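Let me see the structure of the following:
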Amino acid sequence: MAESTVNPDTPVRSAPAEGWYPGLDGVRGMAVFLVFTAHYVPHLFGYSGWIGVIFFFVLSGFLITGGLYDNRQEPHRFRNFYIRRTLRIFPLFYFIWICIFITSFFFHERWRPLLVLWPTYLGNYARFIAGTSAVDRIWTSRFAFEIGHFWSLAVEEQFYLPWPLVVFKVNDRRTLIRICIAVIFTVLLIRSVLVLALSPHLLELGFLYRMTFAQADGFLLGGLLALLMRGPAETAVVRSGQKFLGVSLAALLVAWLCNGGIHLKPIAENSRWVGSYGFTLLDLVAAGLILSSLQRGSILCRILSFRPLRILGRYSYGFYVYHVIIQQPLVGFVLNRWRVPHALLYTVDFFIILGISALSYHILEMPFLRLKKRFITRHANPEAAPAGRVDPVDPGLRAVS
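Numbering: from 1, shown residues only. Below is the predicted model:
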């Protein structure tokens, strides 16, 4: 992949004056679109749209670790982080659960004791305790609510319970870099051992895909990039993005071909090669994509800054939450009444979900997002949240100075 020509004396990142990188919204948009295809049109990307979740993990680690490090000296930093994260994540999540509880009075939902794990952000363990993926949905007399995709939200919340404590307590960039590298290699080693030790049934259920410890290397690879970019090598790190992406994609392609890709076998999240080192290769591809999105003048930066993709990225949290829950009622309602070409049906579904997500963002989520301004320490740390830095809890919002 050819690298674009950039004047070495000018900044590489394409941050506008207000301090946000449009390409990062595009990465989020691409990730959520991949996840959409995994549930609606899985054949579009060879049944591998789940890879979008991996992109989310790496991007989340990149943005939130950078924000945590920038604010490491602020007073009330623990309180501010967790309250602001609560205001960003909880309102929509628990609004959905309220809606699910209300429907129980009309559609006779069949509750199971293990379902309590989902609203407590422990749902990623449910199918392994039950030994079946049936607990990924709530059955009613008319249809089933799919809630299995909430596992990734659970993984994120579990990871961000201890990680801010590490960043704030260590408080040294080089030490944090060493911690990230050590944990990345440790997780890779653990997964490689578990692929051989776990039963085929657990692997088939996606144990290594859904466990927080098994995905920690993705978050920390993103965090490693953020920490490297806060040192003297920032320009070199960003400028290496396209080469890094090219090498990572090539390594992933070789691994895929060696594991059945020559027969067009999909990249499956529960396959042994993905469970051992495949997740790491995907993390590296996501890291290269993130760095490329920051490189001004590059083709990828321009593609990822495409306005429709950025709009999708802006509403990606709501889109992710809604798209699976309403899939069966939405698709089933149409197919049971009219014969609609699937391509048209899924296109209409996409825009319906996007519209719902936009309304949710502006009507339900935004009032809580405005409250986050009350939990910013102003002028306590001159280095915290300057122009070009982002909100450590909601990277889609610009930091308030």
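
Below-threshold pLDDT in the stretch 101-250 of the chain: ranges please.
141-142 (pLDDT under 70).

what about the residue nearest the centre of the chain, helix or strand, and which?
Of all residues in the chain, the one closest to the mean position by C-alpha atoms, centre = their mean is residue 56, 2.0 Å from it. In this assignment (DSSP states H and E), residue 56 forms part of helix 51-70.

quick one: average pLDDT of that helix?
The average pLDDT for helix 51-70 rounds to 96.

Tell me the gap between it and the middle of its chain.
7 Å (C-alpha atoms, centre = their mean, to the nearest Å).

Run through the neighbouring helices and strands of that helix.
helix 22-40, helix 151-159, helix 163-170, helix 212-228, helix 279-293 (3 or more C-beta pairs under 8 Å, 6 or more residues apart in numbering; DSSP states H and E). Using the backbone N, CA and C atoms, a C-beta is placed for each residue, glycine as well.

of all these, which lies closest to residue 198?
Comparing the helices and strands packed on helix 51-70 against residue 198 with C-beta to C-beta, the closest turns out to be helix 212-228 (10.7 Å).

got the angle for the closest one vs helix 151-159?
70 degrees (axes from the mean of the first three to the mean of the last three C-alpha atoms, to 10 degrees).

And helix 212-228, what does it pack against?
On a contact count with 3+ C-beta pairs under 8 Å, 6+ apart, helix 212-228 meets helix 51-70, helix 151-159, helix 173-197, helix 207-210, helix 234-239, helix 279-293.

Can I get those in JSON lines including distance to residue 311?
Putting the helices and strands packed on helix 212-228 into JSON lines (distance: least, C-beta to C-beta, whole Å) gives the following:
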{"stretch": "helix 51-70", "distance to residue 311": "17"}
{"stretch": "helix 151-159", "distance to residue 311": "22"}
{"stretch": "helix 173-197", "distance to residue 311": "32"}
{"stretch": "helix 207-210", "distance to residue 311": "29"}
{"stretch": "helix 234-239", "distance to residue 311": "25"}
{"stretch": "helix 279-293", "distance to residue 311": "16"}
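
Of those, which is nearest residue 86?
Here helix 151-159 is closest among those (C-beta to C-beta), at 9.9 Å.

for that closest one, packing partners?
So helix 151-159, by 3+ C-beta pairs under 8 Å, 6+ apart, packs with helix 51-70, helix 77-107, helix 212-228.

Pull the residues that contact that helix.
53, 56-57, 60, 89, 93, 118, 121-124, 136, 210-212, 215-216, 219, 321 (C-beta atoms under 8 Å, 6 or more residues apart in numbering).

Then stretch 101-116?
100, 126, 129-130, 135, 138-143, 145.

thinking again about what came up before, how about CSV for the helices and strands packed on helix 51-70, with distance to residue 47 and mean neighbour count added?
Output for the helices and strands packed on helix 51-70, formatted as CSV (distance: least, C-beta to C-beta, whole Å; neighbours: other C-beta atoms under 10 Å):
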stretch, distance to residue 47, mean neighbour count
helix 22-40, 8, 23
helix 151-159, 18, 21
helix 163-170, 32, 17
helix 212-228, 20, 24
helix 279-293, 15, 25
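
Residue 353 is nearest to which of those helices?
Closest among the helices and strands packed on helix 51-70, using C-beta to C-beta: helix 22-40, at 7.7 Å.

and the closest one, C-alpha only, in CSV?
Listed next in CSV are the C-alpha coordinates belonging to helix 22-40 (Å, rounded to 0.1, in the frame of the first residue of the first chain):
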residue,chain,number,x,y,z
PRO,A,22,-12.9,12.8,11.6
GLY,A,23,-11.2,9.6,10.4
LEU,A,24,-11.8,8.0,13.8
ASP,A,25,-15.5,8.4,13.5
GLY,A,26,-15.1,6.6,10.1
VAL,A,27,-13.4,3.7,11.8
ARG,A,28,-16.3,3.4,14.2
GLY,A,29,-18.7,3.6,11.3
MET,A,30,-16.9,0.9,9.5
ALA,A,31,-16.8,-1.3,12.6
VAL,A,32,-20.5,-1.0,13.3
PHE,A,33,-21.4,-1.6,9.6
LEU,A,34,-19.4,-4.9,9.7
VAL,A,35,-21.3,-5.9,12.8
PHE,A,36,-24.6,-5.1,11.0
THR,A,37,-23.7,-7.4,8.2
ALA,A,38,-22.8,-10.2,10.6
HIS,A,39,-26.5,-10.2,11.8
TYR,A,40,-28.4,-9.2,8.6
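
tilt between it and helix 51-70?
Using the same axes, to 10 degrees: helix 22-40 against helix 51-70 is 150 degrees.

Give me the helices and strands touching helix 22-40, please.
Partner elements for helix 22-40 (3+ C-beta pairs under 8 Å, 6+ apart): helix 51-70, helix 279-293, helix 299-304, helix 307-314, helix 316-325, helix 327-335, helix 342-359.

how far out from the middle of the chain is that helix?
9 Å.

Now do it against helix 307-314, angle only.
70 degrees.

what secondary structure does residue 266 sit in?
coil (DSSP: H, G, I helix; E, B strand; the rest coil).

Contacts only, for it.
46-48.

Excluding chain neighbours, give the residue nearest to it in space.
Leaving aside its sequence neighbours, residue 266 sits nearest to residue 47 (C-beta to C-beta, 6 or more residues apart in numbering; 4.0 Å).

of the helices and strands packed on helix 51-70, which approaches residue 71 most closely?
Short answer: helix 163-170, nearest of those by C-beta to C-beta, at 8.7 Å.

okay, that closest one in CSV with CA atoms only?
Below are the C-alpha coordinates for helix 163-170, written out as CSV (Å, rounded to 0.1, in the frame of the first residue of the first chain):
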residue,chain,number,x,y,z
TRP,A,163,-7.6,-0.2,33.8
PRO,A,164,-8.1,3.5,35.0
LEU,A,165,-6.7,2.4,38.4
VAL,A,166,-3.5,1.1,36.6
VAL,A,167,-3.1,4.2,34.5
PHE,A,168,-3.6,6.7,37.4
LYS,A,169,-1.5,4.7,39.9
VAL,A,170,1.5,4.0,37.6
